[in-house]
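>>> Test case, fold it:
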Amino acid sequence: QVQLVESGGGLVQAGGSLRLSCVASGRTRSSYNMGWFRQAPGKERDFVAAITWSGGSTYYGDSVKGRFTISRDGAKNTVNLQMNSLKPEDTAVYYCALTYSPATVAVVTTTEQWDYWGQGTQVTVSS
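Below you'll find the predicted structure:
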């Protein structure tokens, strides 16, 4: 079994910043890609960003390009999402995800392609 635990959500004013983190534990394979999705009330879960095992390749959803940065720590079981210039429309529950898919991170943008999910952390941006 694989567990993903997110942290770092909260309330912030528009224009502010937040940093989310997610730690993977349990029976993981030797390598895996990680990413973030978000889901606003009444909407589908949307792709935010993804990063390869090595950290050498990243991919972002159009709505967060240039504002969000995904990274992985040296131990590689932790993925971070630095969110800058936050907007009210960024308000959502943010979910960490893990995939064993060998596809490039630029194509694993649908929920069906990810194998494990965290429980989510709320991010609220006030105007």
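>>> all contacts plus neighbour counts: C-alpha atoms, from now on.
Noted.
>>> Pick out the residue nearest the middle of this protein.
What sits nearest the mean C-alpha location of the chain, by C-alpha atoms, centre = their mean, is residue 36, with 1.8 Å.
>>> need the contact list for residue 48.
Residues near residue 48 by C-alpha atoms under 8 Å, 6 or more residues apart in numbering: 35, 36, 37, 38, 60, 61, 64.
>>> do that again at 6 Å, thanks
36, 37, 60, 61 (C-alpha atoms under 6 Å, 6 or more residues apart in numbering).
>>> In contact with the second one, which residues are there?
Spelled out, it's residue 37. Residue 37 neighbours (C-alpha under 6 Å, 6+ apart): 46, 47, 48, 94, 95.
>>> That one belongs to a strand?
Yes: looking at residue 37 with DSSP: H, G, I helix; E, B strand; the rest coil, it is inside a strand.
>>> Does the residue nearest to the centre of the chain touch residue 99 like I think?
No: the criterion here is C-alpha atoms under 6 Å, and residue 36 misses it with residue 99 at 11.1 Å.
>>> Is residue 117 bridged to anything, and to what?
Going by DSSP bridges, residue 117 is paired in beta bridges with residue 97.
>>> State the distance from it to residue 38.
Distance, residue 117 to residue 38, using C-alpha to C-alpha, to the nearest Å: 12 Å.
>>> One more: residue 95?
Residue 95 sits 6 Å away from residue 38, going by C-alpha to C-alpha.
>>> and those two? which has more neighbours close in?
Neighbour totals were compared for residue 95 and residue 38, and residue 95 leads with 25 against 22 (other C-alpha atoms under 10 Å).
>>> Spatially nearest residue to that one (excluding sequence neighbours)?
Beyond its immediate neighbours in the sequence, the residue positioned closest to residue 95 (C-alpha to C-alpha, 6 or more residues apart in numbering) is residue 120, lying 4.4 Å away.
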